[in-house]
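Q: could you look at this predicted model? Sequence included:
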Amino acid sequence: MFARCFALRPVIHARININLRIIPFAPLFSRDGKSCLYRRLSTSITRHPASKSPRDIRKALVKLVGEGSADRLLSTDSFICRTDALLPTLGHLTNKIGEKNAVRLLSTSGFCAHHEALIPVFETLSATLGTTSAVMLLSSDSFCARAETLLPVLNDLSEKLGTKSAVSLLSTNSFCTRVGSLLPVLDMLSEKIGTKSAVSLLSAGSFCSRPDSLLPVLDMLSEKLGMESAVRLLSTGSFCSRADSLLPVLEMLLRNLGMESAVALLSTDSFSARVETLLPILNSLSEEVGTKSAVALLSKDSFCARVDTLLPILTSLSEKVGKESAVALLSTNSFSARVDTLPPVLGILTKAIGVKAAVALVSKGGFCTRVETLLPVLENLSEKIGTKSAVTLLSAGSFCARADSLLPVLDELSDKLGAESAVRLLSCNSFCSRVDELMAKYPEIEAVLGEKGAVRVLSNPYLASMDTTQWREFMEFIRNAEPGDTLSYLGCHKTLAKCKKVGWGKCADLYRLASQQEKTRVGFERLVDTYMEQNSRNRESATEIWLDAHAVEECKELREECEEECSSEVCLAMGAGEEGSEEKAMNLVSILLQIVYTIHPRGSRGRNRRKTRQRHLWGCLDFEVSAPLGIISFQQKEEKKMATLQYSTTKFEAAVAEIEAVNKEIKDTKAAWNDLKKKARRGALSTDEQIDLESFDEKVADLSATLADLKKNKDSWIDLICIQTNGDFVPESKPFKEADAEWTKSVTGINTDYRMWAVALDDDIRPTEAFKAQFEDIAKFVHMKNEGGRRFFLNLFLLDIVKRAEFNGALKIFPEIPMEVTQLIGDGTRKAQTQWYTPKELHLIAIEAKVDWGTQDFWQCVAETATLYKARKDAGKTKCSVWGVLSNAKLWQFVFINEDGILSQTEEFSLNLHVYDEEKIAKRHELTIQSLQRTIQSLQQQMLDEANSYRKLLQMKPLSSVDSPFIAPLKTRVSTSTTVCPSIEAAPSVPAMCSRPILESMPPEILDRIAMFVGRDILRLCHAVRYYKYISQAMFDYGREVKTHDGEPRVINEVDFWPYLYLRLPSAEEPFERTPPVAISHLHALQNYSNIIARHGGHAMIDDLSGMETILGALPDNLEVLVHHAKPSAGTDDFFGAMYKTKKNIWELSLEDDYFERCEIDSAEMTAKWLVKLPIHRLVLVSYMSIPTEILDVLHLMPLLDSLHVV
């Protein structure tokens, strides 16, 4: 369309960048010029006949956009003056961008006055910036009046701030009128407070009018409240105009309500304008409905404007529907505006459909504006489709606006699709505004996706608002895609938005070329993301990457499709005349052509088949050719095939070499990082080394991403070579120690699903006396740290087993036995191996000895056992069942693979490696059981006493024992429901009363006790029960200031905050003098939250970072202390001395391995001194080295030590 427009008339061109900051515009600013688009619309009189009758105009508008939007348009003078000319434009815009956006544009005086010139601008802006941004800009009268001048400004601002911020600024009238003087202010504010905050301020007209006087106020508020709150206040017109007089009020509100409530109130225009009158009302409301609800009400302009009228109504509503529902209703503009007429309606609805549904309906603007008309509709709908569905429909604004015309549609849809589907469709605003057009598309969609799929499509706002071209491309997409894939895409709004942005036609091409894995919802979304990213940079490079990624998959499809032989000559149209075009063409299509040759080595027939292949390959390339077309012809020759195979092999070898180089670089980087970490502990890092240390994670992440891409590239070349050599390629191998479940299953064919193997233990099998004696000797004389030492135990067990009489000497132990099996996988093979070995009799048991104990070690044992199974299966053995043993001498686990290849595993068994005296072990077990029984009895009595104390608070009978049921079964009376809306005077049903107390009504002692056991779900409890608000508030006040070690804000994680506080300080490597661990302003929040933690029996976990001793006073009394570093004697004295002075109770102290590795004599002596003084209940020593004797000598002197653990 624009191409025709440009050809007919010269226009002014401007270019502004969006991704590359270039947006093409084609506005017309000549008086006599009219765009082709407007000419076409204004001459179309078949749908919107010119008429001067107001009744006819209103009818046409109501039919187009509904009553509410029609009234809005007819209240605009600029629209009324040009009604006949603007009706066609309204119809076009409604179909293209939706009713809401079209009405917003045409209710703007500036757009209506210059709509002939601005429609092309809007079309271009909509295509480049998006519909929302285009509507925002052209809904501004100032922008419309100065569009020619402001387009270059939009270009500059987009480059500096980004498109979104530029649109936000230029859609503000105050900024547009003073753009020249405000641009320097924008630059200054961007440097000072950040781009986002600067844009927010200058998007407020009040700040733009007097920036010089408000900048000092901004600095003062930023220091007191923080940047976010300061910007929020100065973005409010009333506050800016009365800033001097409102600052004392702000101080008072901060003291009484807190920062969040004070800012919320004063950032409301109506409250700031009438603050003297509303402050006494705030106090009375706080007493009546609570501070939070009072702030919520007075933060609404609609409530503040009519506060005298609404206060009595608030009291009456609170009695009828409760305080929360009353506050929710009066917080809505629609209810507050019609408060004189709506309360009686609310009473009627409450009796008819219940409080919750009534409040939900009356709080909707569409229902409130037409409540008299819609009450009979509600009763009628409740009888037809049920109350719940009726409320759902009348909560949709578009249905309320067109209820009269949509009721017959509802009946038709209910008969055709069922009531549920009909309600789902008509509760979608986009569907209601285009119901006739969209229902015409229903049969076509149903034929592809079925009834449910068609309903999901038409009830989706992303799809229902598409124009004709988008619908055509979408239908092409769903016809070519699997219905299951399409329905999965429809379930994710994020995926739909991306597909709509790319275009459904391009999505159809992407889907056609995607692999099976990429056709999943997540895979397809990533595919679209990749296309968008590459296409935004350079279309040509994106095409090359696209072709490279899908070449192999495309050619596999070709091989399946071409069942008959065809000609060996293939011709492709490529760009000629461009420098390097021949070489480029060869690089792009050499892979595809070679595979076509491999698929069709001979042939003489099929001209149509040849053309089909040419079209298929040309569709894969899909890039623009601006130069004259040339023809490159390739003939099938044996030397050409060998040359291309050699090229593929060379590429594969290069990929392997690159992988090895990157692996070596990763290894070297990690080694260098270890060296830097050791130097950092000694404090000997230079500035450059410090930078290298901090950038380690980023560098390793980049190398890992590069490695993953190289491995994918290598796999692609392997697949290509397999096709070219008819699958004759070196099999892919992997050692046992790298095997996983998928690999083992693919190679050996076993079923690796989790199954527990319950082994029946035989008490008659006992170890020999010689075994017991040797066990004691090994435990006494052999060190157990290394694998060799633990093999002593393993060999002792094995020898005592294989020499048992029932085996008759038939079993032999092979200490090292390499095995290998291979399995055909697709066009290649996989093998698990070290070396090839074939004994005369295949083995039955695989034994893997390890010091470590992890998931990978388990799968190594399974892979070895599965290899035995596969070898026996291939050899045709009658019995193929095999067993596996994984052991580090202390821990044992067994696996079993049965005749059907099903894997089972036992639980872990633990042995005591220090002693084997059965009598001592039995006696120790007996003493332990007696001690546990006494402990259990004591705990049960404590639990019974505590439970009875709480039951007394709840006025419940005490329990005689812990075995008594804590809650007696209830007998509840069930009331039957009556017909909805039988009459206005119908009596409400009496609800069944529950004798149990609800959570909200329980005493605070019980609620506090409940919070102690919630754990990581504490935030959910806080959101569900109002009483716990103080916990979430304190957690938020503290957590929002918490930074990570990189200095970035950290998202609140309940695991780190409750039931204990894990205090991780930022900037751990910097000395305290440079970076305080916790800001002074943050200490109050930390202390407040620590008090709450201590109140609920929690504690704080801290480490020995520099500066920790300065904040111990703000922490709970109970601490868990981790000591990672060996400090000098003075530092150790300061750290432990601060805990002693603040009288902290240390229930666990852990001295880590790094501490013992670097610990010197003076530091160990100082630590020993404080171990005796501090109240430590549990001591953990984590060390692979010897523990200093200074510490060992004082362990028996620690007064409160309950347990000692040496790891």
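A: Here it is on my side, so go on. Numbers count the residues shown, from 1 in each chain.
Q: residue 792 contacts residue 777, doesn't it?
A: No. Using C-beta atoms under 8 Å, residue 792 is not in contact with residue 777; the gap is 9.4 Å. For glycine as for every other residue, the C-beta is placed from the backbone atoms N, C-alpha and C.
Q: okay, residue 902: pLDDT?
A: Looking at residue 902, its pLDDT is 90.
Q: for the stretch 951-1100 of the chain, which segments count as strands?
A: 1061-1062, 1100-1103 (DSSP state E, counting those that start in this stretch).
Q: show me where the stretch 451-600 of the chain has its helices.
A: Using DSSP state H, counting those that start in this stretch, the helices of the stretch 451-600 of the chain run over 461-464, 468-480, 483-490, 493-502, 504-513, 521-537, 539-561, 581-599.
Q: actually the stretch 851-1000 of the chain, not the one I wrote
A: With DSSP H, counting those that start in this stretch, the ranges of helices along the stretch 851-1000 of the chain come out as 855-874, 918-953.
Q: check the offset of the last one from the chain's centre.
A: Centre-to-centre, helix 918-953 and its host chain are 45 Å apart (C-alpha atoms, centre = their mean, to the nearest Å).
Q: and that helix, what other elements does it pack with?
A: With contacts defined as 3 or more C-beta pairs under 8 Å, 6 or more residues apart in numbering; DSSP states H and E, helix 918-953 has these neighbours: helix 1004-1012.
Q: then the shortest one?
A: If you count contacts as 3+ C-beta pairs under 8 Å, 6+ apart, helix 855-874 packs onto helix 741-748, strand 820-825, strand 845-849, strand 882-887, strand 891-897, strand 903-905.
Q: can I get the longest one in PDB, CA atoms only?
A: To tie it back to what came earlier, the one meant is helix 741-748. Provided in PDB are the C-alpha atoms of helix 741-748 (Å, rounded to 0.1, in the frame of the first residue of the first chain):
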ATOM      1  CA  ALA A 741      21.200 -43.200  32.400                       C
ATOM      2  CA  GLU A 742      20.400 -42.100  28.800                       C
ATOM      3  CA  TRP A 743      23.800 -43.300  27.500                       C
ATOM      4  CA  THR A 744      23.600 -46.700  29.300                       C
ATOM      5  CA  LYS A 745      20.100 -47.300  28.000                       C
ATOM      6  CA  SER A 746      21.000 -46.400  24.400                       C
ATOM      7  CA  VAL A 747      24.000 -48.700  24.400                       C
ATOM      8  CA  THR A 748      22.900 -51.800  26.400                       C
END
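Q: report the buried residues of it.
A: Using 16 or more other C-beta atoms under 10 Å as the test for burial, helix 741-748 gives 741, 743, 744, 745, 747, 748.
Q: can I get the helices of the stretch 851-1000 of the chain in JSON lines including mean neighbour count?
A: JSON lines is the format used below for these (neighbours: other C-beta atoms under 10 Å):
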{"stretch": "helix 855-874", "mean neighbour count": "22"}
{"stretch": "helix 918-953", "mean neighbour count": "11"}
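Q: by mean pLDDT, show me the worst of the ones you listed.
A: The lowest average pLDDT among the helices of the stretch 851-1000 of the chain, as it happens, falls on helix 918-953, at a mean of 76.
Q: the inter-axis angle of that one versus helix 1004-1012?
A: Counting by axes from the mean of the first three to the mean of the last three C-alpha atoms, to 10 degrees, helix 918-953 lies at 140 degrees to helix 1004-1012.
Q: list the buried residues for stretch 380-393?
A: Neighbour counts over stretch 380-393 (16+ other C-beta under 10 Å) mark 381, 382, 385, 387, 389, 390, 391, 392, 393 as buried.
Q: what's the closest of those to residue 73?
A: Nearest to residue 73 out of the buried residues of stretch 380-393 is residue 393 (C-beta to C-beta; 25.4 Å).
Q: isn't the closest one up against residue 423?
A: Yes. Counting by C-beta under 8 Å, residue 423 is a contact partner of residue 393 at 5.8 Å.
Q: identify the contacts common to these two.
A: Common neighbours of residue 393 and residue 423 (criterion: C-beta atoms under 8 Å, 6 or more residues apart in numbering): 385, 410.
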